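Trainee: no FASTA, just this:
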């Protein structure tokens, strides 16, 4: 039998005695309030050799064990330990949480199990930072195990637990069980938490429920606005004049976790590619990227490429869009600084309904807002949200809004009438659950701190209760002839060769901007294929193709006087 095999056999046989003795020594060290680091594993094991009267061989095996890290099988699952940050890098509320954990564990007497610390919140990194800080104060190493890595077999779970308890005692370690992304069965996680006789954290968005083991629940929320501002300033340090006002702008727009703020500030500390200091615009961009989180996996990000000059709308609609942008830009000033949010936190979300026929510029208007506000724009795929299974739709909606909260991204629900329809009278169970889904959506829209835009060409199908919660309703009218001519002019950039285009004649086509764009692009490809500039005859051919797609026929009133296509 190899030395490794003998070590395993001996440790299994003496598991309970060794674990109890090391736990007793650990509690003694932790309870005196003076030691911040445990004794060397070798010293603790020498004491065990004397207590148990171990042979030289057994002593050598234990000392060998003291010189290695975690068991190889377990080490592959938990990886390297998580180290604590300097206390100055933690927001005040998070430092308080860490101290609560320290005091709760230090107050436990000999022979009693430590309460499991259940950490709720959306930021996994912030929860780990709090746990690691508490462990550092107690002289513990913190290892993280994903809930998805837990075995489903009771036998395998018991074996894993024995391995961990042994190594936790030898290495003076704590376990953080990460369930944040666990959507499946939680029974193995509950069993491990119930049975583990070591320092245990659980990181989760939804609590594990009732437990026979004493539980300390900590809600690790994102730092408050003032804490975020203080953290930005502490991490950025002395900044050049170019960054004046940037911290306030970042705090007003992005509701980032402490870990995300540290990551952005660390990136800002690096030099720009040209060797100079990064600008405020680059810092904003880094914060914007950090705020995306998992949203890229849940929705389609649209890169806005248009501005106010590209938008052709009547003055009233343009004014409504400018008011929308102003509310997003100054919401922190009105809500927080001026105290408008103190009486009630409900209804603070900025939502808008863009109503109009297809192609009238609803999506382009959303792009203009995103470009003006320098925010991400995400189109929500309704087919991925709505599910026939009870509860799944709410779960998908929650994931989208939770992921979007950090950066206040602009959410675009295209053809929203399919999702936010009128709540029906309850005639059967399907109607009841459909109404629950709509009610949940209404609540999330009302609470969302960013801008949510709904587009529809059937505004009459929207729930009246939902319409009450919408702050802006903007009707996108069918463009008149003058507006269509302006749209046509914008469809051909300066670099595109054209010849003899008559925009007033093109504007006689009774179609909105989306179809105008299709015709202009198709005409450009026809001209490029022929090696010619874009002419009226190319537009005529492209118009026939577009109208055929719409199952419409070109009339003499629309194309009369155009050059005849050859």
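Mentor: Yep, it's here. Treat the numbers as computed from the prediction; the structure is a model and nothing was measured.

Trainee: For residue 253, see how far away residue 536 is.
Mentor: Residue 536 sits 47 Å away from residue 253, going by Cβ to Cβ, to the nearest Å. For glycine as for every other residue, the C-beta is placed from the backbone atoms N, C-alpha and C.

Trainee: Residue 293 contacts residue 409, doesn't it?
Mentor: No. Using Cβ atoms under 8 Å, residue 293 is not in contact with residue 409, being 9.7 Å away.

Trainee: Neighbour count for those two, which is higher?
Mentor: residue 409 (26 against 20; other Cβ atoms under 10 Å).

Trainee: show me the contacts for that one.
Mentor: Contact partners of residue 409, counting by Cβ atoms under 8 Å, 6 or more residues apart in numbering, are 291, 292, 295, 375, 376, 377, 378, 450.

Trainee: Which ones among these lie within strands?
Mentor: 377, 378 (DSSP state E).

Trainee: of all the contacts of residue 409, which comes closest to residue 508?
Mentor: residue 377 (33.3 Å; Cβ to Cβ).

Trainee: Without its sequence neighbours, what residue ends up closest to that closest one?
Mentor: Distances taken as Cβ to Cβ, 6 or more residues apart in numbering place residue 370 nearest to residue 377, at 3.8 Å, with adjacent residues excluded.

Trainee: Could you do residue 492 as well?
Mentor: Using Cβ to Cβ, 6+ apart, the nearest residue to residue 492 is residue 498, at 5.4 Å.

Trainee: Per-residue pLDDT of that neighbour, please?
Mentor: At residue 498, the pLDDT value in this model is 93.

Trainee: The one 5 residues further on now?
Mentor: Looking at residue 503, its pLDDT is 93.

Trainee: Would you tell me what helix or strand the residue nearest the centre of the chain is located in?
Mentor: The centroid of the chain falls nearest to residue 403 when counting by Cα atoms, centre = their mean (2.8 Å). Following DSSP states H and E, one finds residue 403 within helix 392-405.

Trainee: so what's the residue nearest to residue 492 bridging to?
Mentor: Beta bridges link residue 498 to residue 534, judged by DSSP bridges.

Trainee: What is the neighbour count of it?
Mentor: Residues near residue 498, counting by other Cβ under 10 Å: 17.

Trainee: Residue 536 is in contact with that one, correct?
Mentor: No. With contact taken as Cβ under 8 Å, residue 498 and residue 536 are classed as non-touching, separated by 9.8 Å.

Trainee: Find the residues that touch each one of those two.
Mentor: Counting by Cβ under 8 Å, 6+ apart, no residue touches both residue 498 and residue 536.

Trainee: Dihedrals phi and psi, residue 560?
Mentor: phi -60, psi 130 (degrees, to the nearest 10).

Trainee: Next: residue 196.
Mentor: Taking degrees, to the nearest 10 as the convention, residue 196 sits at phi -60, psi 130.

Trainee: Spatially nearest residue to it (excluding sequence neighbours)?
Mentor: residue 161 (6.2 Å).

Trainee: Relative to residue 350, how far out is residue 367?
Mentor: Taken as Cβ to Cβ, the span from residue 367 to residue 350 is 17 Å.

Trainee: same check, this time on residue 523
Mentor: For residue 523 relative to residue 350 (Cβ to Cβ), the value is 39 Å.

Trainee: Who has more neighbours out of those two?
Mentor: The neighbour count for residue 523 versus residue 350, taken as other Cβ under 10 Å, is higher for residue 523 (28 against 21).

Trainee: Now name the helix or strand holding that one.
Mentor: Counting by DSSP H and E, residue 523 is part of helix 513-530.

Trainee: who are the neighbours of that helix, in terms of helices and strands?
Mentor: Other elements packing on helix 513-530 under the criterion 3 or more Cβ pairs under 8 Å, 6 or more residues apart in numbering; DSSP states H and E are helix 481-490, helix 536-549.

Trainee: please redo it, this time with the cut-off set to 10 Å
Mentor: helix 362-373, helix 481-490, helix 503-506, helix 536-549 (3 or more Cβ pairs under 10 Å, 6 or more residues apart in numbering; DSSP states H and E).

Trainee: buried stuff in stretch 158-175?
Mentor: Judged by neighbour count using 16 or more other Cβ atoms under 10 Å, the buried positions of stretch 158-175 are 160-175.

Trainee: got it, and stretch 368-380?
Mentor: Buried residues in stretch 368-380 (16+ other Cβ under 10 Å): 368, 369, 370, 371, 372, 373, 375, 376, 377, 378, 379, 380.

Trainee: of all those residues, which comes closest to residue 317?
Mentor: residue 368 (11.4 Å).

Trainee: between the helices and strands packed on helix 513-530, which gets nearest to residue 561?
Mentor: It's helix 503-506; of the helices and strands packed on helix 513-530, that one is closest to residue 561 (Cβ to Cβ) at 6.2 Å.

Trainee: Okay, buried residues for that closest one please.
Mentor: Result for helix 503-506 [16+ other Cβ under 10 Å]: buried residues 505, 506.

Trainee: before we move on, what about stretch 224-233?
Mentor: For stretch 224-233, using 16+ other Cβ under 10 Å, the buried residues are 227, 228, 229, 230, 231, 232.

Trainee: Please apply the same query to stretch 473-492.
Mentor: 474, 476, 477, 479, 483, 484, 485, 487, 488, 490, 491, 492.

Trainee: For that stretch, measure first residue to last.
Mentor: End-to-end span of stretch 473-492 (Cα to Cα, to the nearest Å): 31 Å.

Trainee: got it, and stretch 219-231?
Mentor: Where stretch 219-231 begins and where it ends lie 20 Å apart, using Cα to Cα.
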